[in-house]
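Enquirer: how would this look folded up:
(2 chains)
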Amino acid sequence: AQSVTQPDARVTVSEGASLQLRCKYSYFGTPYLFWYVQYPRQGLQLLLKYYPGDPVVQGVNGFEAEFSKSNSSFHLRKASVHWSDWAVYFCAVSIPSLGKLQFGTGTQVVVTP
Amino acid sequence: DPKIIQKPKYLVAVTGSEKILICEQYLGHNAMYWYRQSAKKPLEFMFSYSYQKLMDNQTASSRFQPQSSKKNHLDLQITALKPDDSATYFCASSQGGTSAETLYFGSGTRLTVL
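Expert: Take a look at the predicted model:
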């Protein structure tokens, strides 16, 4: 069955440090993959999306993600974290046969001074 | 200005009552969705509609009924409310309804059932 796994429920990072959030997917075929961000008391917003092609995808606010078919992964990175990046980040895989996105459980990012 | 409007923002209900959650989108999209977020299941797909037709229903209980009176409206009626229904309900939309599209979310309705 198709699924998305985000192994880290919470990540704490110092402001200015780099950030990597992990995402593993299980899907037979080449998927479409997404990262969404949820700021406090708001709905989700798209950060970036991967369609088959260049494995490195650039998103908003300095985020990028790299697709790896061999590792079944789509990890999110940012070189220098800002306090405003304090949010929950969701990885999602597109399931065309079901016509919907399957979301992971989310990773809470906490930014410390 | 918000392009997806959900009303109300907060809702408190008593067990056994019925409530309607409102969602309107002004993005010109043809597909709309409902998701539920709670401590038990972080983001759970409930329904999808495309061109006002139900495409997918992953909600086991018939107490949850989507209602689409116009193409840009998808309300959610919940009957016989239970404390377990306490969650934040998000409405979303996309251009055509394929899973490869970007979803746009409203800011949610936080429902508390006492």
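
Enquirer: tell me the pLDDT of A:Glu66.
Expert: Per-residue pLDDT puts A:Glu66 at 96.

Enquirer: helix, strand, or coil at it?
Expert: Classification of A:Glu66 using DSSP: H, G, I helix; E, B strand; the rest coil returns strand.

Enquirer: where in chain A is pLDDT low?
Expert: In the predicted model, chain A carries pLDDT under 70 at residues A:1-2, A:97-99.

Enquirer: who in chain B is up against chain A?
Expert: For chain B, the residues in contact with chain A (CB under 8 Å from any CB of the partner chain) are B:4, B:33, B:42-43, B:45, B:48, B:55-56, B:90, B:92, B:97-100, B:102-108. From N, CA and C alone the C-beta is placed, and that goes for glycine too.

Enquirer: how about a cut-off of 10 Å?
Expert: Residues of chain B found near chain A, taking CB under 10 Å from any CB of the partner chain as the criterion, are B:2, B:4, B:6, B:9, B:31, B:33, B:35, B:37, B:41-45, B:47-48, B:50, B:55-56, B:58, B:88, B:90-92, B:94, B:97-108, B:110.

Enquirer: and the helices in chain B?
Expert: Ranges of helices within chain B: none, based on DSSP state H.

Enquirer: can you name the residue of chain A nearest chain B?
Expert: Per CB to the nearest CB, the residue of chain A with the smallest distance to chain B is A:Gly43, at 3.2 Å.

Enquirer: my read is that that residue contacts B:Tyr33, right?
Expert: No: under the criterion of CB atoms under 10 Å, A:Gly43 makes no contact with B:Tyr33, lying 11.5 Å away.

Enquirer: so these two - more neighbours on which side?
Expert: Using other CB atoms under 10 Å in any protein chain shown as the criterion, A:Gly43 and B:Tyr33 rank with B:Tyr33 on top: 26 against 22.

Enquirer: so that one sits against B:Leu54, correct?
Expert: No: the pair B:Tyr33 / B:Leu54 is not scored as a contact, 11.2 Å apart, by CB under 10 Å.

Enquirer: what is in contact with those two at once?
Expert: In the contact map built from CB atoms under 10 Å, 6 or more residues apart in numbering or on different chains, the residues linked to both B:Tyr33 and B:Leu54 are B:47-48, B:66.

Enquirer: which ones among those lie within strands?
Expert: Using DSSP state E to define strands, the subset of those located there is B:47-48, B:66.
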